[in-house]
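K.L.:
The following comprises the amino acid sequence and a computationally predicted model.
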Amino acid sequence: MTAARQAGGAAGPALFGPARPGTRAGAGPRPSSGTPLGAEPARAGILGLRLGSPVVVGSGLLTDQERNIRRLLDDGAGAVVTKTIHPDPGPSGNERLLRLPTGMLNSTTYSRRSVDAWCAMLGRFADDGLPVIASVHAGSPDELADLAERVTAAGSGALELGISCLNEDEGGLEDTPERVAAYTEAVGRRVSVPFSVKLAIGERVRERVDAAVSCGARAITLSDTVSGLAVDADTGEVRLGGAFGYSGPGIKPLVLAEIYGLRRAGLTVPLMASGGVEGATDVAEYLSVGADAVQVYTALHRDMHTTLRGIRQGFDDWLASHGGSLTDLVGRSITRA
């Protein structure tokens, strides 16, 4: 990734006009570690959290450790989503990553840490006032509701329901609006903290989004990984042994199109975009089509801390160079359509 890519390039035209007083989306609890003295970082808000940046680190192997989560916040992440907590994550040892020229395939599922260990960790984050979102899933709606109660009692003030991991079932997950509604409603009946439901793009996505929102979701995260396959051209061997979750820049145009379509159709619930973010301009594009926050994950598997700092600071610099505020940027593509 080039420095220009990370920083969003040289100063651009004033796309938004002069920033208006009072248009910032709240004040974050932590200063940006990369924002120059006297500069105003791009602040955002999601799930009741006041973020120092709209750049959020998504759930995955990199967010399975307390030290990593704290360091990612110090690097400038507006928030961090934990590795998905599950009361019965299954056996370990079959989780692999495969780097591709345009992203990554992974056969991973859930954290192998115990729920008790996660609750202790989430309590420490809460004591320190850190913007951490607990990703949770379980084998049934009632089990997920039980888990959600436990992690919120431990101090977690925001959740992401990671119910759409296609690696969970062999052959891929067949998600439906009815399934989404069952999980969402069960959690909504038992906890009062705001939560997002993470969904994958694809068939009946608007129906699945509507099901989540009607059953209590306060936000939607789009998109989880999509099904991908890699084949060894010389031997014909299927890499990783089957189709698994693909993430990376290849899905960004697809996620952009889904969010753009949802916003044009009148969807108003907050959205966290996820898919293919590698630099500052990717963040700007997602916000332009109506995302309220933007998750980055796959790119962090290369030089995690340097990459995140580059994206975070690069976006702050890009926004400043274009002469506008975050409020001016969010949804501007919709108003111009």
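P.N.:
Great, that's in hand.
K.L.:
only C-alpha atoms for contact and neighbour calcs from this point on.
P.N.:
Will do.
K.L.:
Show me what the helix or strand harbouring Val294 packs onto, helices and strands only.
P.N.:
Taking DSSP states H and E as the definition, one finds Val294 inside strand 293-296. In this structure, strand 293-296 packs against strand 44-46, strand 55-57, strand 271-274, helix 280-288, with contacts taken as 3 or more C-alpha pairs under 8 Å, 6 or more residues apart in numbering; DSSP states H and E.
K.L.:
all strands of the stretch 101-250 of the chain, in order?
P.N.:
With DSSP state E, counting those that start in this stretch as the criterion, the stretch 101-250 of the chain has strands at 103-106, 132-136, 159-161, 195-199, 219-222, 226-228, 244-247.
K.L.:
Okay, now the sheet partners of the first one, with direction.
P.N.:
Taking DSSP bridges as the criterion, strand 103-106 forms sheet pairs with strand 97-100 (antiparallel), strand 244-247 (antiparallel).
K.L.:
outside of stretch 89-106, which residues touch it?
P.N.:
With C-alpha atoms under 8 Å, 6 or more residues apart in numbering as the contact definition, stretch 89-106 has outside contacts at 107-112, 228-229, 240, 244-250, 276, 298-299.
K.L.:
rounded to a whole number, what's the mean pLDDT of it?
P.N.:
For stretch 89-106, the per-residue pLDDT values average out at 87.
K.L.:
rewinding a little: weed out the non-buried ones from the contacts of stretch 89-106.
P.N.:
107-112, 240, 244-249, 276, 298-299 (16 or more other C-alpha atoms under 10 Å).
K.L.:
about what we covered before: can you name every helix or strand that the following helix or strand past the strand holding Val294 contacts?
P.N.:
Along the chain past strand 293-296, the next helix or strand (assigned with DSSP H and E) turns out to be helix 304-321. Applying 3+ C-alpha pairs under 8 Å, 6+ apart, one finds that helix 304-321 makes contact with helix 3-7, helix 66-74, helix 280-288.
K.L.:
The shortest one - what's its average pLDDT?
P.N.:
Okay, so that is helix 3-7. pLDDT averaged over helix 3-7 gives 39.
K.L.:
Equivalent analysis for stretch 187-196, please.
P.N.:
In this model, stretch 187-196 has an average pLDDT of 98.
K.L.:
what's the answer for stretch 146-156, then?
P.N.:
When pLDDT is averaged over stretch 146-156, the result is 98.
K.L.:
Could you list the buried residues of it?
P.N.:
Taking 16+ other C-alpha under 10 Å as the basis for neighbour counts, the residues of stretch 146-156 that come out buried are 146-152, 154-156.
K.L.:
Restricted to helices, list these.
P.N.:
Members of those lying in helices (criterion: DSSP state H): 146-152.
K.L.:
could you dump the strands of the stretch 101-250 of the chain to JSON lines with distance to Ala211?
P.N.:
Shown next, in JSON lines, are the strands of the stretch 101-250 of the chain (distance: least, C-alpha to C-alpha, whole Å):
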{"stretch": "strand 103-106", "distance to Ala211": "28"}
{"stretch": "strand 132-136", "distance to Ala211": "18"}
{"stretch": "strand 159-161", "distance to Ala211": "14"}
{"stretch": "strand 195-199", "distance to Ala211": "10"}
{"stretch": "strand 219-222", "distance to Ala211": "11"}
{"stretch": "strand 226-228", "distance to Ala211": "20"}
{"stretch": "strand 244-247", "distance to Ala211": "23"}
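K.L.:
nearest to Asp75, of the ones you listed?
P.N.:
Proximity of these to Asp75 was assessed by C-alpha to C-alpha; the nearest stretch is strand 132-136, lying at 14.0 Å.
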